[in-house]
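Student: My questions are about this predicted structure, shown below with the sequence.
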Amino acid sequence: MRGKVLAGILVPAVVIVGAGGYAWADAQDIVPGWITAAPVPVAPAPFLTAVPVEPSPAPASAVSLVTADAPVPSASVVQSLAAEVRADERTGESTNVSVVDALTGEVYADVDAAEVQVPASTTKVLTAVGAVADLGPDHRMTTAVTWDPSGRVLTLVAGGDMLLAADAGHGGAGEDANGWAGMGDLARDVVETLGDGVSGEVELRVDDSAFAGPAVNPDWPQYALDLGYVAPASGLAVNIARMTDEHYAQRFDDPSLAAGDVLASRLSEAGLSVGEPERGVSPASAVEVAAVQGAPLSEVAYLLLRDSDNTIAEIVGRVHALETGRATTPTGAAAATIAGLASIGAPVDGLVLNDGAGFSEDNRIAPAHLTGAIVAGLAAEPTEDLLDWLPVGGLEGTVASRYADTDAAGALRAKTGSLTGVTALAGTVQTADGRLLAFAVLADGMPYGQERPRAAMDELVLALAGCGCEG
């Protein structure tokens, strides 16, 4: 396991700096638009994604190996740094902190680290770790088509993949989970399997009955659907149900049926006449005539953490529930996540989950839950490549434009979280002495706005990254 951890810690030799216009400001949470009790003049955007930016060289200190022999920091120094975050006027008494050794679990700082609070999008770390712990990094979601010759019925059967391409999938050549498998592949395989023995129009059904739902989590705010921050987790979609190629595009109300429309077009192009797709179940007498498999779950985990993708986080939880014999509901997904975490020894006492993405304000996660999941994940075989999934500071995801030209650039791997009144950051950081630390800082009950509390948290990260505080 350690060999893989060491490989995962090698950081790229470039970091991302700069950005353009509103997209950068949005990714930084410094424009208006978070959830608020009073009406706001602009749309809220608590879940964010990275934008294209220009590279510049990383500091040499960012490129190094982490080993168990690296000097251990002084717990008293790290505890003092953590306490300063809570004492900072930009945060407050609701700020709780956990800093532990990522390889041994030794506690270096505990500021009410076991106290649960609203975690926002750091929830996704637990969703990803719990699912991979149970299902394994190589688990793949299968989308199938069945054929019932007696009723002349083709059925598109959902298997959880909401990252399908509209035509041919790239099969990994595109190095991204989105578009790994495609509707065009399914259509061509269907026509090849059926051959010339089918003439005239056939019926096309869409069957996502394996996903009981509700597809729209009751804890999600309506604005999230209206503004394209999330799609119904139906178990089947092309490009996460986006209507356009924009990251926060409007989503189809019925992603599964919209995917059926795409398959109908691909089948028609391949020479098979099909009717307009309708919802239904695959007949008992039907046989499978085509199937495609999506990206390995490890690649899906990387995408959902890198892009902070709410829909994929939610559907990963539902697929986790399905594959472990639980109800494909928010409750079933939460139970699956908690059980997956417990299976690798991550702490779960007091953990409350209502969605996989972190939109729910009723989720309750403690900083120690997050650092505990990271430590347990690195130590367990299924999740030992966890560091490869977390976005790199100054390079990827919602930390792409943070930490540029600092000791944390390339040395940090972390997931952000933001809702109105909630600011969070959880991940790992390598000290100047080469020690890998797992940390989590959560603050809820904050004033409106993200810039001030995030700046205070960043100061802690920078202090840890530059720490030569050997005990």
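Tutor: Sure thing, it's come through.
Student: tell me which element the residue nearest the centre of the chain falls in.
Tutor: Taking Cα atoms, centre = their mean, the centroid of the chain lies closest to Leu304, which sits 2.4 Å from it. Taking DSSP states H and E as the criterion, the element that holds Leu304 is helix 297-306.
Student: and that helix, what's its mean pLDDT?
Tutor: What helix 297-306 shows for mean pLDDT is 97.
Student: Now find how far off-centre the helix or strand just after that helix is within its chain.
Tutor: As assigned by DSSP H and E, the chain's next helix or strand after helix 297-306 is helix 310-323. For helix 310-323, the separation from the chain centroid amounts to 10 Å (computed by Cα atoms, centre = their mean, to the nearest Å).
Student: Alpha carbons only: can I get helix 310-323 in CSV?
Tutor: This file holds the C-alpha atoms of helix 310-323, laid out as CSV (Å, rounded to 0.1, in the frame of the first residue of the first chain):
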residue,chain,number,x,y,z
ASN,A,310,-23.5,17.1,-7.1
THR,A,311,-25.4,14.8,-9.4
ILE,A,312,-22.6,12.2,-9.7
ALA,A,313,-22.1,12.3,-5.9
GLU,A,314,-25.7,11.6,-5.4
ILE,A,315,-25.9,8.8,-8.0
VAL,A,316,-22.7,7.2,-6.6
GLY,A,317,-24.5,6.9,-3.3
ARG,A,318,-27.5,5.4,-4.9
VAL,A,319,-25.4,2.9,-6.9
HIS,A,320,-23.6,2.0,-3.7
ALA,A,321,-26.9,1.3,-2.1
LEU,A,322,-28.1,-0.8,-5.1
GLU,A,323,-25.0,-2.9,-5.2
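Student: packing partners for it?
Tutor: Helices and strands touching helix 310-323, by 3 or more Cβ pairs under 8 Å, 6 or more residues apart in numbering; DSSP states H and E, are helix 123-135, helix 297-306, helix 330-343. From N, CA and C alone the C-beta is placed, and that goes for glycine too.
Student: can you rerun that using 6 Å?
Tutor: Applying 3 or more Cβ pairs under 6 Å, 6 or more residues apart in numbering; DSSP states H and E, we find helix 310-323 packed against helix 123-135, helix 330-343.
Student: Chain neighbours aside, what residue packs nearest to the residue nearest to the centre of the chain?
Tutor: Distances taken as Cβ to Cβ, 6 or more residues apart in numbering put Ile312 closest to Leu304, at 4.3 Å, once the chain neighbours are dropped.
Student: who's in contact with Pro221?
Tutor: If you count contacts by Cβ atoms under 6 Å, 6 or more residues apart in numbering, Pro221 has none.
Student: now the helix holding Leu304 against helix 123-135, angle please.
Tutor: 170 degrees (axes from the mean of the first three to the mean of the last three Cα atoms, to 10 degrees).
Student: What residues of stretch 442-450 count as buried?
Tutor: Neighbour-count burial for stretch 442-450 flags 442-444, 446, 449-450 (criterion: 16 or more other Cβ atoms under 10 Å).
Student: so what's Thr91 up against?
Tutor: By Cβ under 6 Å, 6+ apart, the contact list for Thr91 reads 85, 443, 453, 456.
Student: tell me the phi and psi of it?
Tutor: Backbone torsions for Thr91, taken as degrees, to the nearest 10, come to phi -120, psi -100.
Student: where in the stretch 301-450 of the chain is pLDDT low?
Tutor: 448 (pLDDT under 70).
Student: All the strands of it, residue numbers only.
Tutor: In the stretch 301-450 of the chain, the strands defined using DSSP state E, counting those that start in this stretch lie at 412-419, 422-430, 436-443.
Student: Tell me who's in contact with the nearest residue in space to Ala75 that is not next to it in sequence.
Tutor: Leaving out its chain neighbours, the residue that sits closest to Ala75 by Cβ to Cβ, 6+ apart is Tyr108, at 4.8 Å. Taking Cβ under 6 Å, 6+ apart, we find Tyr108 in contact with 75, 78, 99.
Student: swap the cut-off to 10 Å and go again
Tutor: Tyr108 makes contacts with 72-79, 81-82, 98-101, 435, 437-439, 464, 467, 469, 471, as judged by Cβ atoms under 10 Å, 6 or more residues apart in numbering.
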